[in-house]
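Visitor: model this:
(one chain, ligands or ions: 3)
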Amino acid sequence: MERSVQCQRTFSSAPAASHPHHRRRSPIGPLALRFAPNQQPLDFARIGTSSERGRKGMSSNLVFASATELSLDQGVENCNLPKGDMWSVHKFGGTCMGTAERIQNVANIVLGDSSERKLVVVSAMSKVTDMMYNLVQKAQARDDTFMTDLDDVSEKHMLTARILLDGDDLAGFLSQLRADISNLKAMLSAISIAGHATESFSDFVVGHGEIWSAQMLSYYIKKCGRPCSWMDTRQVLIVNPTSTNQVDPDYLESEKRLEKWFSQQPADTIIATGFIASTPKNIPTTLKRDGSDFSAAIMGALVKARQVTIWTDVDGVFSADPRKVSEAQILKTLSYQEAWEMSYFGANVLHPRTIIPVMKYQIPIVIRNIFNLAAPGTMICPEENVDGKRLESCVKAFATIDNLALVNVEGTGMAGVPGTASAIFASVKDVGANVIMISQASSEHSICFAVPEKEVKAVSDALESRFRHALDAGRLSKVEVIHNCSILAAVGQKMASTPGVSATLFDALAKANINVRAIAQGCSEYNITVVLKQEDCVRALRAAHSRFYLSKTTIAMGIIGPGLIGGTLLDQLRDQAAVLKEKLNIDLRVMGITGTRTMILSNLGIDLTKWKELQKEEAQVADLEKFAQHVHENHFFPNTVMVDCTADTRVANHYFDWLCKGIHVITPNKKANSGPLDRYLKLRTQQRKSYTHYFYEATVGAGLPIISTLQGLLETGDKILSIEGIFSGTLSYIFNNFKGTRTFSDVVAEAKEAGFTEPDPREDLSGTDVARKVIILARESGLKLELSDIEIVNLVPEPLRENLSIEEFMHQLPKFDGDLTKERNDAEAAGEVLRYVGAVDVSKEQGSVKLRRYSKDHPFAQLSGSDNIIAFTTMRYKNQPLIIRGPGAGAEVTAGGVFSDILRLASYLGAPS
Ligand SMILES: NC(=O)C1=CN([C@@H]2O[C@H](COP(=O)(O)OP(=O)(O)OC[C@H]3O[C@@H](n4cnc5c(N)ncnc54)[C@H](O)[C@@H]3O)[C@@H](O)[C@H]2O)C=CC1
Ligand SMILES: N[C@@H](CC=O)C(=O)O
Ligand code: NA
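Guide: Ligands and ions are numbered 1, 2, ... in the order given. As a prediction, the model looks like this:
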């Protein structure tokens, strides 16, 4: 409404168009005034300039379509354009009009649109246009079967009409159809006799498909109770053919004719034929390829629609070809220029010329899926209405073109010689080749350009011949052809003018190890084009797309060792993934799970609701190298982490290599940090050097915050004096429960059953596990100790230490129950308990593990279950140590500790807190 008023003020003294009756009398309202005979088309640009519209759009008295009705305006909320009692234009393609049922569906959409006036542009029923072209071809070839083919066309429409219509409308339609078919037969017979059809003959024949579909839809809508007229756009739309097999709309003349048409048929719902038009001399013609979209855009401009909706069978415009990039997303908005750019690269958007008419008036075009009304579609609109203020959203989409060759013309004789480029491209033009991109560095020693592979031979031959003398004389060194190239284009209006965007693009390509052969970026700033090897193209596309489209805290994870801890972690990830994604934008993808014998891999992320089933159904032979490669290299997620949930030194030996490759490592496995000192130091140095993260909180005290507390103390300048405590959940449990008549072996079996022990419980009973923890804490505190520096108290009976399986060991352990029972009884008699303790004495640079007796009121005697207790005596905590106590073993707490390391990684990578 606002827009109408504005137009009135600017161009006319006609009655206020905001009054409904006035509007009704002149359905296209003030439009005619804009194109008054003495008004030049230039005024098109003056009407509602972007600033006018922007300001008006901000006003609050906008009228939106009722939310209870079919939501045809989805997506438009983002657009600051006035909406209200003006035209909405819809275009339904052949697929939408494919059957009687689909035509009914189209009618429902039209009826559900609450706009006061609707202009609906339709294509012919699907396949009909091809059938009609075929008729003409057959007639030209004097193949008489065109007669029966025409009967098929007629039959198709008769059948459809009989389902849709009844009464007078059906009779009227069928009689018109028969008349048309009979005319067409005469015309095709004439073509057959002549053996030739002029373009206008052909266009006349072909255009009938739209006439019939428009009639059927219009009669059906009328049948549904809504007054409706159909429009033969050949009476209204006037276009001038151009030399390039395209047409230029004559807006002035079209507008006049439209005004006249409306004066005769003042309907509020109009079904117009797409695709067809007339020349200024009233000769039928068509709008060529994608003509119906173009019709809708021109009609949208003529009636100054508030929106043009193009109904199709896709949900909208994707950020990349979804067949190549599974993570491709539907774009909510695109600027006209971006859509333009995308359509050049073959994205299923709109033909660029479709955008021109609506762009002049800043009318949004919305692409929507008729088969999925829930999808809001993509809105193509003025840049200022496009969403996205973030750096990432500067790049809207990625497109590729394959089967190209790069031609490189090189030589010192080119520099500073005017006319070289002109001579090169004149030769290219002479052979009719299409240049897709051009790049010349300012040194002027080479010009390279991309042409379709199938045209490159002719191009290079022409260049060789044109520059024969220069080549012979050495002024040019070569005309080189690089075959099998592709173009990757990043499209986005603000891309080139926003610092850092191209850097991010090239960084993504570099990380994916993709070599860029040539680069072009025009001043238009809408796209950056890179030429690469065709075999790299999909990888490049994915790498670039994921860099801009995935959350920067998307983490590809490889889980190694799905045993007790690994399995529990997978279940915790499963249960928490959605919350993390929603609340913290952390996107965790388990790309692979490997055990010792088998592994499962995924390209997108394993469905963790069924990882156990997948292990049985889709497992392949485990191969850690292949596994790491898959997790890290195949998917171009911005971050990779290996989570080692084994107790295997061989897995730990890979950390160094992974950190070198930029793969983060998280583990509850103690082997790396308690292994050979030089190896450990190398690992830590590499980790810091490569800015990768290595977290291992669960190696000491399981989920208890032992490592992070120690690191926090050290990093803030505290000085550790000593650390001592009960570091083994297993030994804590054993000595907390080894009471009364309980036997040692029974309690060990219980600890194993509860998941407290190492995979081999002898690691715990021997004191090695505690010694490893002491070493980990000592090294963290800066001491350079080896595991062998720690004297251990081994509780494994001597005969059971070697050459026994875990099962055999557990089976034989009861035979030796007597040994520890005596020691326990002696302590008890003295009012004391046995506790297995570890200690780091920083000043003495020593670590120790001991089986000690404590009086029953000592804090170490107060523990229960698998409790650990760790006391830090430091310069700041000198008189009273800092004490951490709680369960220090078990599946849930340990997996929770590993999980919290994963989230710590995500937060280091930028996740919000
Ligand atoms: N259980 C607990 O309370 C705690 C355990 N940890 C550590 O967690 C790690 C895992 O312990 P659990 O889950 O209890 O052991 P587990 O024996 O139940 O699980 C280990 C898994 O790793 C697999 N595995 C072994 N070598 C492998 C290799 N080379 N490649 C792939 N998979 C391999 C095994 O087949 C098994 O599925 C150990 O390093 C342990 O020290 C740390 C803190 C507490
Ligand atoms: N087996 C270990 C598990 C934790 O590291 C223990 O018992 O403490
Ligand atoms: Na811990």
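
Visitor: for the stretch 601-750 of the chain, what spans make up the helices?
Guide: For the stretch 601-750 of the chain, the helices defined by DSSP state H, counting those that start in this stretch cover 611-617, 624-633, 649-652, 655-660, 671-674, 677-689, 706-715, 729-737, 744-753.

Visitor: ok, how many other residues are close to the closest residue to ligand 3 within the stretch 251-400 of the chain?
Guide: The stretch 251-400 of the chain approaches ligand 3 most closely through Glu327 (34.9 Å), counting by Cβ to the ion. In this view, the C-beta of every residue, glycine as well, is placed from N, C-alpha and C. When neighbours are counted by other Cβ atoms under 10 Å, Glu327 registers 17.

Visitor: wait, doesn't it sit right on Ala543?
Guide: No. Glu327 is beyond contact range of Ala543, at 11.6 Å (criterion: Cβ atoms under 8 Å).

Visitor: what does this structure have sitting close to ligand 3?
Guide: Glu697, Gly701, Leu704, Ile706 (Cβ under 5 Å from the ion).

Visitor: can you map out the helices along the stretch 301-450 of the chain?
Guide: In the stretch 301-450 of the chain, the helices defined using DSSP H, counting those that start in this stretch lie at 336-344, 352-360, 420-430.

Visitor: swap in the stretch 101-250 of the chain?
Guide: Using DSSP H, counting those that start in this stretch, the helices found in the stretch 101-250 of the chain span residues 128-140, 146-164, 167-194, 199-206, 208-223.

Visitor: could you name the helices and strands sitting against the first one?
Guide: Under the contact criterion of 3 or more Cβ pairs under 8 Å, 6 or more residues apart in numbering; DSSP states H and E, the helices and strands touching helix 128-140 comprise helix 146-164, helix 167-194, helix 199-206, helix 208-223.

Visitor: near ligand 1, which residues of the stretch 801-913 of the chain?
Guide: Residues of the stretch 801-913 of the chain lying close to ligand 1 by Cβ under 6 Å from any ligand atom are Ala889, Gly890, Thr894.

Visitor: with the chain instead?
Guide: 560-566, 594-596, 645-648, 650-651, 668-670, 698, 702, 729, 755-756, 758-759, 889-890, 894.

Visitor: now list the buried members of those residues.
Guide: Among the residues of the chain next to ligand 1, those buried by neighbour count (16 or more other Cβ atoms under 10 Å) are 560-562, 564-566, 594-595, 645-648, 651, 668-670, 698, 702, 729, 755-756, 758, 889-890, 894.

Visitor: ok so, going back, check contacts around the residue of the stretch 251-400 of the chain closest to ligand 3.
Guide: When contacts are counted by Cβ atoms under 8 Å, 6 or more residues apart in numbering, Glu327 touches Arg542, His545, Ser546, Tyr549, Leu550, Leu604.

Visitor: need phi/psi at it.
Guide: The phi/psi pair for Glu327 (degrees, to the nearest 10) reads phi -90, psi 10.

Visitor: any weak-confidence spans in this protein?
Guide: Scanning the chain for pLDDT under 70 picks out 1-85, 244, 346-349, 387-393, 415, 442-444, 496, 522-525, 634-635.

Visitor: mind jotting down where the strands sit in the stretch 251-400 of the chain?
Guide: Taking DSSP state E, counting those that start in this stretch as the test, the strands found in the stretch 251-400 of the chain are 269-273, 276-278, 284-286, 307-312, 333-335, 365-369, 378-381, 397-410.

Visitor: most tightly packed of the ones you listed?
Guide: Each of the strands of the stretch 251-400 of the chain was scored by mean neighbour count; the highest is strand 378-381, a mean of 29, by mean count of other Cβ atoms under 10 Å.

Visitor: how about Ile238, what does it touch?
Guide: Pro249, Asp250, Glu253, Ser254, Arg257, Ala277, Ser278, Thr279, Pro280.

Visitor: Leu184: which of the residues you listed is nearest?
Guide: Ser278 (18.2 Å; Cβ to Cβ).

Visitor: surely the closest one meets Thr285?
Guide: Yes. In this structure, Ser278 is within contact of Thr285 by Cβ under 8 Å, at 6.3 Å.
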